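Enquirer: Quick one, fold the following:
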Amino acid sequence: MGWLRARRLVLLAACLGLCGERGALGASFYGESYVGLNIIEVSSELSLQLKFQTSKPQGLLFLAAGENDYCMIELLSGNLRAGHEDDIPSEAVFIVRTPPVHGYLQRSLSEEGSLGTDEKSPLIFTQQDIDDGYIHYVQTTPDQQQDCFLLDVMNGFQAVSRLEILVDIVPKWIPLAVQNFTVQEGGSKLLPEDYFKIPSKHFEGLDCEFVLLTPPKHGSVENSHFPRVKLMKFTRKQVIALS
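Expert: You can find the predicted model right below:
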């Protein structure tokens, strides 16, 4: 989210989705596509509220361009960068307005010949800190899927306020939701895909291998194409194909 002063053009660009609150305008962008908003010259502040979501490590997030200058926010190799035509990285300042809920930001300063120092939850850091790899997000609260924090960005020329950074948290272990089932005596039961759900978008389409640590005591697990051959392991693709 952000505000800008007297800009003529706002450009929202490549490789990201733009989505608002419930009932607000939403759009998706791919490749080199973008949307541009022409804004008339104004003497006071103009406010725009934008929300971005992207799975790409590269991409232009926001560009405000006038006749003689510009201000942009982009991702470069997964790092956030605020830029201006006369920008100096050490003068581009990020101010933490709302810290993360399920983790914290950390500034790690590594020095030659020493272990360096760590600053937990810095309130202010610069673009140079990010470029040098000093700023990290550290996730702490277990069983969370997403986190966010708000930043103000200033570089001496323009300012963007309440820039919301969303953090997708990838589970350390593959989550698996299984079901019990009933089989008639002397019969068999097809194990459908729903019995082996992986409730995480980060593992969609993953071909997992299931290994039986303890096999059944009064039966066996078999492939219906190869009956009477006991299995000690099978894959997710095999379950889907036989469902």
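
Enquirer: contacts, neighbours, all on C-alpha from now
Expert: OK.

Enquirer: Map the structural domains onto the sequence of this protein.
Expert: 2-168, 177-242 (automatic domain parsing).

Enquirer: any low-confidence regions in this protein?
Expert: Along the chain, the model assigns pLDDT under 70 to residues 1-58, 62-71, 77-87, 109-119, 157.

Enquirer: Try it again at 50.
Expert: Counting by pLDDT under 50, the ranges of the chain that qualify are 1-25, 112-116.

Enquirer: mind checking the longest helix of it?
Expert: helix 236-242 (DSSP state H).

Enquirer: Pull out the buried residues from it.
Expert: 236, 239 (16 or more other CA atoms under 10 Å).

Enquirer: same thing with stretch 161-175?
Expert: In stretch 161-175, counting by 16+ other CA under 10 Å, buried: 161-167.

Enquirer: next one: stretch 183-196
Expert: 193, 196.

Enquirer: got a list of contacts for it?
Expert: The contact list for stretch 183-196, computed with CA atoms under 8 Å, 6 or more residues apart in numbering, reads 176-179, 182, 236, 239-240, 242-243.

Enquirer: ok, 7 Å please
Expert: 176-179, 239-240, 243 (CA atoms under 7 Å, 6 or more residues apart in numbering).

Enquirer: same check, this time on stretch 146-155
Expert: With CA under 7 Å, 6+ apart, stretch 146-155 has contacts from 91-102, 159-169.

Enquirer: Who does residue 73 form a beta bridge with?
Expert: residue 62, residue 82 (DSSP bridges).

Enquirer: To what extent is it buried, counted in neighbours?
Expert: 19 (other CA atoms under 10 Å).

Enquirer: That one against residue 61, yeah?
Expert: Yes - using CA atoms under 7 Å, residue 73 is in contact with residue 61, at 5.5 Å.

Enquirer: The residue nearest to residue 203 when sequence neighbours are not counted and residue 219: what is the separation?
Expert: Distances taken as CA to CA, 6 or more residues apart in numbering put residue 174 closest to residue 203, at 7.5 Å, once the chain neighbours are dropped. Going from residue 174 to residue 219 by CA to CA, to the nearest Å gives 27 Å.

Enquirer: And residue 90, by the same measure?
Expert: Residue 90 sits 68 Å away from residue 219, going by CA to CA.

Enquirer: So for those two, which sits in the more crowded spot?
Expert: Neighbours were counted for residue 90 and for residue 219 using other CA under 10 Å; residue 90 has more, 14 against 11.

Enquirer: and that one, helix, strand or coil?
Expert: Three-state call for residue 90 (DSSP: H, G, I helix; E, B strand; the rest coil): helix.

Enquirer: so what's it up against?
Expert: 126-128.

Enquirer: The nearest residue to it once chain neighbours are set aside - how many residues pack around it?
Expert: Leaving out its chain neighbours, the residue that sits closest to residue 90 by CA to CA, 6+ apart is residue 128, at 4.9 Å. By the criterion of other CA under 10 Å, residue 128 has 17 neighbours.

Enquirer: wait, residue 128 sits on residue 93?
Expert: No - Residue 128 is not in contact with residue 93 according to CA under 7 Å; the separation is 9.0 Å.

Enquirer: Tell me where this structure has helices.
Expert: Using DSSP H, helices in the chain cover 127-131, 236-242.

Enquirer: right, so of those, which gets closest to residue 108?
Expert: helix 127-131 (9.2 Å; CA to CA).

Enquirer: what comes up buried for the closest one?
Expert: For helix 127-131, burial by neighbour count (16+ other CA under 10 Å) applies to 127-130.
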